[in-house]
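Asks: model this:
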Amino acid sequence: MPALYDFVSVSALLGVLLLLRRRARPTGILIVVFAIWYGIARIIEDFSRVDVTHGTGLTGSQWTAVVAVLAATGYLVTIIRRDRTPASLRSLTASDAGRRSSPASTSESGPQPKRPAPANTATGFSPDERADLDADRAHPLPPFRDHRA
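Replies: So this is what the prediction gives:
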(Lines give C-alpha, C1' and ligand atoms only; values in the text may rest on other atoms or scores of the structure.)
Protein backbone atom coordinates (compact mmCIF):
# COMPACT_ATOMS: atom_id res chain seq x y z
CA MET A 1 0.00 0.00 0.00
CA PRO A 2 2.81 2.52 0.67
CA ALA A 3 3.87 2.14 -2.96
CA LEU A 4 0.44 3.32 -4.06
CA TYR A 5 0.72 6.42 -1.84
CA ASP A 6 4.16 7.08 -3.27
CA PHE A 7 2.87 6.73 -6.84
CA VAL A 8 -0.02 9.15 -6.24
CA SER A 9 2.24 11.67 -4.51
CA VAL A 10 4.94 11.53 -7.17
CA SER A 11 2.34 11.79 -9.96
CA ALA A 12 0.93 14.94 -8.36
CA LEU A 13 4.47 16.25 -7.88
CA LEU A 14 5.19 15.71 -11.58
CA GLY A 15 2.11 17.74 -12.47
CA VAL A 16 3.13 20.58 -10.16
CA LEU A 17 6.69 20.64 -11.53
CA LEU A 18 5.45 20.68 -15.12
CA LEU A 19 3.16 23.60 -14.29
CA LEU A 20 5.97 25.48 -12.54
CA ARG A 21 8.26 24.87 -15.50
CA ARG A 22 6.00 26.84 -17.86
CA ARG A 23 7.23 30.19 -16.56
CA ALA A 24 10.83 31.21 -16.02
CA ARG A 25 11.79 30.67 -12.40
CA PRO A 26 14.93 31.50 -10.44
CA THR A 27 17.65 28.91 -10.67
CA GLY A 28 17.07 25.91 -8.44
CA ILE A 29 13.40 26.48 -7.65
CA LEU A 30 12.20 23.23 -9.25
CA ILE A 31 14.66 21.03 -7.36
CA VAL A 32 13.75 22.84 -4.13
CA VAL A 33 10.04 22.18 -4.71
CA PHE A 34 10.86 18.54 -5.50
CA ALA A 35 12.97 18.11 -2.34
CA ILE A 36 10.38 19.68 -0.05
CA TRP A 37 7.40 17.82 -1.54
CA TYR A 38 9.08 14.43 -1.79
CA GLY A 39 10.70 14.75 1.63
CA ILE A 40 7.42 15.54 3.35
CA ALA A 41 5.65 12.75 1.45
CA ARG A 42 8.39 10.29 2.43
CA ILE A 43 8.16 11.23 6.09
CA ILE A 44 4.39 10.68 6.08
CA GLU A 45 4.52 7.55 3.94
CA ASP A 46 7.15 5.78 6.04
CA PHE A 47 4.82 5.72 9.06
CA SER A 48 2.78 3.10 7.16
CA ARG A 49 5.84 0.88 6.59
CA VAL A 50 7.36 -1.62 8.98
CA ASP A 51 11.00 -0.65 9.32
CA VAL A 52 13.71 -0.29 11.95
CA THR A 53 13.43 2.94 13.90
CA HIS A 54 16.37 4.60 15.58
CA GLY A 55 15.12 5.24 19.09
CA THR A 56 13.04 8.25 18.10
CA GLY A 57 10.31 6.53 16.13
CA LEU A 58 11.73 7.66 12.78
CA THR A 59 13.37 5.44 10.18
CA GLY A 60 16.65 6.21 8.46
CA SER A 61 14.88 7.42 5.32
CA GLN A 62 12.67 9.69 7.43
CA TRP A 63 15.73 11.27 9.04
CA THR A 64 17.25 11.77 5.61
CA ALA A 65 14.00 13.34 4.41
CA VAL A 66 13.91 15.68 7.43
CA VAL A 67 17.42 16.91 6.61
CA ALA A 68 16.53 17.34 2.92
CA VAL A 69 13.33 19.27 3.72
CA LEU A 70 15.16 21.57 6.14
CA ALA A 71 17.99 22.24 3.67
CA ALA A 72 15.60 22.83 0.76
CA THR A 73 13.41 25.14 2.86
CA GLY A 74 16.49 27.13 3.86
CA TYR A 75 17.50 27.48 0.23
CA LEU A 76 13.94 28.48 -0.73
CA VAL A 77 14.00 31.25 1.89
CA THR A 78 17.32 32.43 0.42
CA ILE A 79 15.84 32.52 -3.08
CA ILE A 80 12.77 34.44 -1.91
CA ARG A 81 14.85 36.99 0.02
CA ARG A 82 17.22 37.43 -2.93
CA ASP A 83 14.32 38.06 -5.31
CA ARG A 84 12.77 40.64 -3.00
CA THR A 85 16.03 42.59 -2.80
CA PRO A 86 16.19 45.29 -5.49
CA ALA A 87 18.56 44.42 -8.32
CA SER A 88 20.52 47.62 -7.77
CA LEU A 89 21.40 46.45 -4.25
CA ARG A 90 22.23 42.90 -5.36
CA SER A 91 24.76 44.19 -7.88
CA LEU A 92 26.76 46.09 -5.27
CA THR A 93 29.87 44.44 -3.98
CA ALA A 94 31.34 45.15 -0.57
CA SER A 95 33.94 47.50 -2.06
CA ASP A 96 31.33 49.35 -4.11
CA ALA A 97 29.07 49.82 -1.09
CA GLY A 98 31.64 51.95 0.75
CA ARG A 99 32.41 54.05 -2.32
CA ARG A 100 28.80 54.74 -3.23
CA SER A 101 27.53 55.45 0.26
CA SER A 102 27.98 59.23 0.07
CA PRO A 103 26.81 61.41 -2.83
CA ALA A 104 30.01 63.45 -2.76
CA SER A 105 32.20 60.41 -3.32
CA THR A 106 30.25 59.28 -6.40
CA SER A 107 30.85 62.52 -8.28
CA GLU A 108 34.58 62.49 -7.46
CA SER A 109 35.19 58.90 -8.49
CA GLY A 110 34.61 59.52 -12.18
CA PRO A 111 32.27 57.68 -14.53
CA GLN A 112 30.32 54.87 -12.97
CA PRO A 113 30.25 51.44 -14.61
CA LYS A 114 27.08 50.53 -16.44
CA ARG A 115 24.63 48.87 -14.06
CA PRO A 116 22.91 45.69 -15.17
CA ALA A 117 19.27 45.95 -16.12
CA PRO A 118 17.00 45.46 -13.11
CA ALA A 119 15.59 42.00 -12.65
CA ASN A 120 11.95 41.36 -13.30
CA THR A 121 10.46 40.86 -9.83
CA ALA A 122 8.00 38.25 -11.10
CA THR A 123 10.69 35.93 -12.48
CA GLY A 124 13.93 37.09 -10.83
CA PHE A 125 15.67 37.36 -14.22
CA SER A 126 17.04 40.46 -15.92
CA PRO A 127 15.98 41.12 -19.53
CA ASP A 128 19.34 39.77 -20.76
CA GLU A 129 18.98 36.57 -18.73
CA ARG A 130 15.41 36.20 -19.94
CA ALA A 131 16.56 36.53 -23.57
CA ASP A 132 19.16 33.81 -22.98
CA LEU A 133 16.53 31.51 -21.47
CA ASP A 134 14.16 32.11 -24.39
CA ALA A 135 16.96 31.42 -26.88
CA ASP A 136 17.82 28.16 -25.08
CA ARG A 137 14.19 27.05 -25.22
CA ALA A 138 13.94 27.93 -28.91
CA HIS A 139 16.99 25.81 -29.73
CA PRO A 140 16.89 22.67 -27.57
CA LEU A 141 19.81 20.31 -27.43
CA PRO A 142 20.11 17.80 -30.28
CA PRO A 143 19.09 14.23 -29.51
CA PHE A 144 21.62 12.20 -27.56
CA ARG A 145 23.82 10.00 -29.70
CA ASP A 146 25.75 7.20 -28.13
CA HIS A 147 29.26 7.30 -29.61
CA ARG A 148 30.48 4.13 -27.95
CA ALA A 149 31.72 1.42 -30.28
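
Asks: where does this protein have low pLDDT?
Replies: 85-124, 136-149 (pLDDT under 70).

Asks: the domain parsing of it - what is it?
Replies: According to automatic domain parsing, the chain comprises the domains 1-84, 114-140.

Asks: wait, what's in contact with the closest residue to Arg21 other than its chain neighbours?
Replies: In this structure, Arg21 finds its nearest non-sequential neighbour in Leu30, 6.5 Å apart by CB to CB, 6 or more residues apart in numbering. C-betas here are computed from N, CA, C, even on glycine. Leu30 sits next to 17, 20-21 when contact means CB atoms under 8 Å, 6 or more residues apart in numbering.

Asks: ok, of the residues you listed, which come out buried?
Replies: Taking 16 or more other CB atoms under 10 Å as the criterion, nothing in the contacts of Leu30 is buried.

Asks: Tell me the one among those nearest to Thr64.
Replies: When the contacts of Leu30 are ranked by distance to Thr64 (CB to CB), Leu17 comes first, at 20.8 Å.

Asks: I figured that closest one was touching Val32, is that so?
Replies: No. Between Leu17 and Val32 there is no contact under CB atoms under 8 Å: 10.9 Å.

Asks: buried sites along the lengthiest helix in the chain?
Replies: Counting by DSSP state H, the longest helix found in the chain is helix 60-84. The neighbour-count check on helix 60-84 (16+ other CB under 10 Å) flags 62, 65, 68-69, 72, 75-76, 79, 83 as buried.

Asks: for that helix, packing partners?
Replies: For helix 60-84, the packing partners by 3 or more CB pairs under 8 Å, 6 or more residues apart in numbering; DSSP states H and E come out as helix 29-46.
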